[in-house]
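Colleague: compute the structure for the input listed below.
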Amino acid sequence: MEAAIGAGIAIGFGVIGPGIGIGILTGFSSEAIGRNPDAAGAVRTNMILGAALAEGLGILSFVLGILLWTRIG
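Modeller: Modelled structure (predicted):
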């Protein structure tokens, strides 16, 4: 039972970091586009790439937590 709670906490911490990172990334990229609309294409491309990499880490931690949970239970 304690191990299942630990797996759930690991999933939570593993997903909250990329979520915060994507929020910060979106805010700063919106600010950059507002300051220089001509560079919107390059900023948007870099934002999507960064968001995809951060989301990949979140999904990886989720899958790892599920694998740990199924091994425990």
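
Colleague: list the buried residues of the helix or strand hosting residue 67.
Modeller: Using DSSP states H and E, residue 67 maps to helix 40-72. Neighbour counts using 16 or more other C-beta atoms under 10 Å place 43, 47, 50-51, 54, 58, 61, 65, 68-69 of helix 40-72 among the buried residues. C-beta: built from backbone N, CA, C; applies to glycine.

Colleague: and the residues you listed as CSV, adding distance to residue 24 and pLDDT?
Modeller: Output for the buried residues of helix 40-72, formatted as CSV (distance: C-beta to C-beta, whole Å; pLDDT from 0 to 100):
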residue, distance to residue 24, pLDDT
43, 14, 94
47, 11, 93
50, 10, 91
51, 11, 91
54, 10, 89
58, 14, 86
61, 18, 86
65, 24, 83
68, 28, 81
69, 29, 81
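
Colleague: and those residues, which is closest to residue 11?
Modeller: residue 65 (3.5 Å; C-beta to C-beta).

Colleague: ok, the closest residue to the closest one other than its chain neighbours - contacts?
Modeller: Leaving aside its sequence neighbours, residue 65 sits nearest to residue 11 (C-beta to C-beta, 6 or more residues apart in numbering; 3.5 Å). Counting by C-beta atoms under 8 Å, 6 or more residues apart in numbering, residue 11 makes contact with 61-62, 64-66.

Colleague: which strands or helices does the helix holding residue 67 pack on?
Modeller: With contacts taken as 3 or more C-beta pairs under 8 Å, 6 or more residues apart in numbering; DSSP states H and E, helix 40-72 sits against helix 2-35.

Colleague: could I get the average pLDDT for the helix it packs on?
Modeller: The pLDDT scores in helix 2-35 average 88.

Colleague: now the angle from that helix to helix 40-72?
Modeller: Calculated by axes from the mean of the first three to the mean of the last three C-alpha atoms, to 10 degrees, helix 2-35 forms an angle of 180 degrees with helix 40-72.
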